[in-house]
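Trainee: coordinates for the following, if possible.
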Amino acid sequence: MENIKITAFCLVALLAMVIGVIFFNRVSKEEKIDDVPTEKLEYNNVAVIDAKLGSDIKITQSYLLNYITKKSGIWYQSNGKVTKIISKDEDCYIHLKDDNSAEVLIAVIDKSKCEVKVGDSVNFVGTIDIENGQIKLSKISTGEINYNSSTKLELNELIDNIKLVKNTYFIVSGYLVTEGEVYKLFDSKDDYTENNKAGYYFKIKWDGSFGYTGKQQVSLKCNLSSSYTLVNCTLSE
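Mentor: Predicted structure coming up:
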């Protein structure tokens, strides 16, 4: 009888330990999630910056570089009416508009995939070319396009989004380096020391002349020109 009591006590104790471990692990995971800074959670979220476009945005160099790299890789899906097609070299430049706006979106695709004509109502999928504000198409068709990983926008919304990306002023903090007549903005001095190569810095184009030469931590107010170039830059206080 005594052995049975001891065995039963051991089983109950073991069960309590198992339940305790499971509860502790669950609480620990929740605490780890809660402890992650909001900035880290937002770092890879393009929508966070998109929602702020139109107003000046304070941002670090690395955050902006990450944003524009990911923004350029998003597949957008929309539709419109073909108003003009221009062939140049190996590409077709397709002018698209809808009934809700007089503005035109220019989409570019290889001639071999340009199977539409003026007057067609079409669906298309492509990525934003930040530098020229055009859409680089992967597909355009008068039929339906099934593309599960795309972000769907109305044509006027897509046009407005591109304009906001180009026209918004970003107040960018980073480490400015002068190399001859070239100005480069890195995230930090360590970033410059370790990663002084294309893809890790923004090339700076000033709004007017700028006489500074050297290396220093700065805050610049600029527009995006391309994935790796900032233009209309001034020193921000």
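
Trainee: need the CA coordinates for stretch 114-122. PDB is fine.
Mentor: Extracted C-alpha coordinates of stretch 114-122, given in PDB (Å, rounded to 0.1, in the frame of the first residue of the first chain):
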ATOM      1  CA  CYS A 114       4.200  42.600 -76.100                       C
ATOM      2  CA  GLU A 115       1.000  40.900 -77.300                       C
ATOM      3  CA  VAL A 116      -1.500  43.700 -76.800                       C
ATOM      4  CA  LYS A 117      -2.600  46.600 -79.000                       C
ATOM      5  CA  VAL A 118      -3.900  50.100 -78.600                       C
ATOM      6  CA  GLY A 119      -7.500  50.100 -77.200                       C
ATOM      7  CA  ASP A 120      -7.100  46.900 -75.300                       C
ATOM      8  CA  SER A 121      -8.200  46.600 -71.700                       C
ATOM      9  CA  VAL A 122      -5.400  44.700 -70.000                       C
END
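
Trainee: starting at the chain centroid, how far to that stretch?
Mentor: Taking the mean of its C-alpha atoms, stretch 114-122 sits 30 Å from the chain's own mean (Cα atoms, centre = their mean, to the nearest Å).

Trainee: what of stretch 104-116?
Mentor: The answer for stretch 104-116 is 24 Å, by Cα atoms, centre = their mean.

Trainee: likewise for stretch 213-224?
Mentor: The answer for stretch 213-224 is 21 Å, by Cα atoms, centre = their mean.

Trainee: likewise stretch 155-172?
Mentor: Distance, centroid of stretch 155-172 to centroid of chain: 12 Å (Cα atoms, centre = their mean).

Trainee: tell me the buried residues in it?
Mentor: 155-156, 158-162, 165-166, 168-170, 172 (16 or more other Cβ atoms under 10 Å). Placement of C-beta: from N, CA and C, glycine included.

Trainee: my guess is residue 158 meets residue 105, correct?
Mentor: Yes. At 6.6 Å, residue 158 and residue 105 qualify as touching, with contact defined as Cβ atoms under 8 Å.

Trainee: now for those two: what residues contact both?
Mentor: Common neighbours of residue 158 and residue 105 (criterion: Cβ atoms under 8 Å, 6 or more residues apart in numbering): residue 135.

Trainee: which outside residues touch stretch 191-204?
Mentor: Taking contacts as Cβ under 8 Å, 6+ apart, the residues outside stretch 191-204 that touch it are 61-62, 64-65, 172, 174-177, 182-186, 215, 220, 222, 228-230, 233.

Trainee: assign a three-state SS to the residue nearest the centre of the chain, would you?
Mentor: With distances taken as Cα atoms, centre = their mean, residue 71 lies nearest the centre of the chain, 2.7 Å away. Secondary structure, DSSP: H, G, I helix; E, B strand; the rest coil: residue 71 is helix.
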